[in-house]
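Undergrad: sharing a model that was predicted from the sequence below.
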Amino acid sequence: MSRSIPTSFVSTLLRAGNGINSKPASHKPDVLLRLYDIENCPYCRLVREVLTELDLDALILPGPRGGGRYRPEAEGMGGKAQFPYLVDENTGAAMYESLDIVSYLFETYGQRSVPYKWRLGSLQTLGSMAASWPRMTQGLRAEHSEQPEQPLELYSF
């Protein structure tokens, strides 16, 4: 068994169920949201958890260090190498900062106020940092791979 599965399981346990329950958004975007992301980034994890919680589909574009596919694109659009970076063509919004993105997603697509557990932003961030620890550097740096002909469609939580 790959070490990715046990470390991923531990990370999920440390997040105490965040990102595995869903209360779908009342409004779905017509055009897929684009999230420039780094797999083991604790800030990116928060945004992915809220995407799951709101049952929102998104095109996840990985931007690990040394990545040549999407990282330069994110830097060119936003002006810096900071992740997560959300682009919403439906509203023209583009933003950094995980907790700002969380608020935006709840207000724009959930059409409700940000739930109390997400208003405790620093606690959520600390929990996400703890969940990144078991995976250490997995997903932080680019590894050579062949680009698929079309985006992979993943069903996950």
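TA: Ah, there it is.
Undergrad: and the residue most central in space within the chain, what element?
TA: Centrality entry for the chain: nearest residue to the mean C-alpha point is Arg48, 3.3 Å, by C-alpha atoms, centre = their mean. Using DSSP states H and E, the element containing Arg48 is helix 42-53.
Undergrad: kindly report the same for Ala25.
TA: Assigned by DSSP H and E, Ala25 falls outside every helix and strand.
Undergrad: pretty sure it is touching Glu107, no?
TA: No. Ala25 sits out of contact with Glu107 when judged by C-beta atoms under 8 Å, with a separation of 10.5 Å. All C-beta atoms are positioned from the backbone trio N, CA, C, and that covers glycine.
Undergrad: which of these two has more neighbours?
TA: Neighbours were counted for Ala25 and for Glu107 using other C-beta atoms under 10 Å; Ala25 has more, 20 against 12.
Undergrad: from Glu39, how far off is that one?
TA: 24 Å (C-beta to C-beta, to the nearest Å).
Undergrad: hang on, the earlier thing: packing partners of the helix holding Arg48?
TA: Where contact means 3 or more C-beta pairs under 8 Å, 6 or more residues apart in numbering; DSSP states H and E, helix 42-53 is packed against strand 33-37, helix 98-105, helix 121-132.
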